[in-house]
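**Q** Here's my sequence, what's the structure:
(2 chains)
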Protein chains: 2
Amino acid sequence: MSNVVFFHAGCPVCVAAEQTVADALRDDVEKVHLGIQKDRLGEAEAAGVRSVPALVIDGQPFHINHGADLSDLK
Amino acid sequence: MSNVVFFHAGCPVCVAAEQTVADALRDDVEKVHLGIQKDRLGEAEAAGVRSVPALVIDGQPFHINHGADLSDLK
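**A** Below is the predicted model of the structure:
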């Protein structure tokens, strides 16, 4: 069982990644909309997330395509 | 049930994505090493893959971080 967080911003690239990759994972995925949940930006950044959509699995960041830079969500 | 192909080149970024994302998917994943299986390069390119590691799920490309450009594998 892994700890999986999917960071997104509701953009089209994010939605495609959510429905196709994040929702296809065996583990439960916590979904965090960084445009709304700005209090989670620091956590994403600390995990090495530079853009969304991104998965953080057991602390490792995996950027999926490119929707928006994290800096654009601040 | 989706058709899932994971294109990679055996690089460290590829291995991390394989073990953490590709292997965590519910569906069976076909793994294609484009450094070895160069006859599959055209298929990856046609699906819109520009770099590895990448997942192609039902024809849609999802680049995961960045290991190598496809052009470097030709």
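**Q** As a check, name the ranges of all strands in chain A.
**A** For chain A, applying DSSP state E gives strands covering A:4-8, A:29-33, A:51-57, A:60-69.
**Q** Give me whichever of these is most buried.
**A** Mean neighbours per residue, mean count of other CB atoms under 10 Å in any protein chain shown, is largest over the strands of chain A for strand A:51-57, with a mean of 25. C-beta: built from backbone N, CA, C; applies to glycine.
**Q** could you check the angle strand A:4-8 makes with that strand?
**A** Computed by axes from the mean of the first three to the mean of the last three CA atoms, to 10 degrees, the angle separating strand A:51-57 from strand A:4-8 equals 180 degrees.
**Q** Please name the strands paired to strand A:51-57 in the sheet, noting orientation.
**A** Note on strand A:51-57: by DSSP bridges, its sheet partners are strand A:4-8 (antiparallel), strand A:60-69 (antiparallel).
**Q** Kindly export the first one (C-alpha atoms) in CSV.
**A** Provided in CSV are the C-alpha atoms of strand A:4-8 (Å, rounded to 0.1, in the frame of the first residue of the first chain):
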residue,chain,number,x,y,z
VAL,A,4,-0.5,8.4,-3.4
VAL,A,5,-1.4,12.1,-3.8
PHE,A,6,-2.5,13.6,-7.2
PHE,A,7,-1.8,17.3,-7.4
HIS,A,8,-3.8,19.1,-10.1
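**Q** neighbouring contacts of that strand?
**A** The list of residues contacting strand A:4-8 from outside it, by CB atoms under 8 Å, 6 or more residues apart in numbering or on different chains, reads A:14-15, A:17-18, A:22, A:25, A:27-34, A:40, A:44, A:47, A:49, A:52-57, A:67, B:24.
**Q** One more: the longest one?
**A** Among residues not part of strand A:60-69, those counted as contacts by CB under 8 Å, 6+ apart are A:8-9, A:11-14, A:16-17, A:21, A:47-56, B:16-17, B:20-21, B:61-65.
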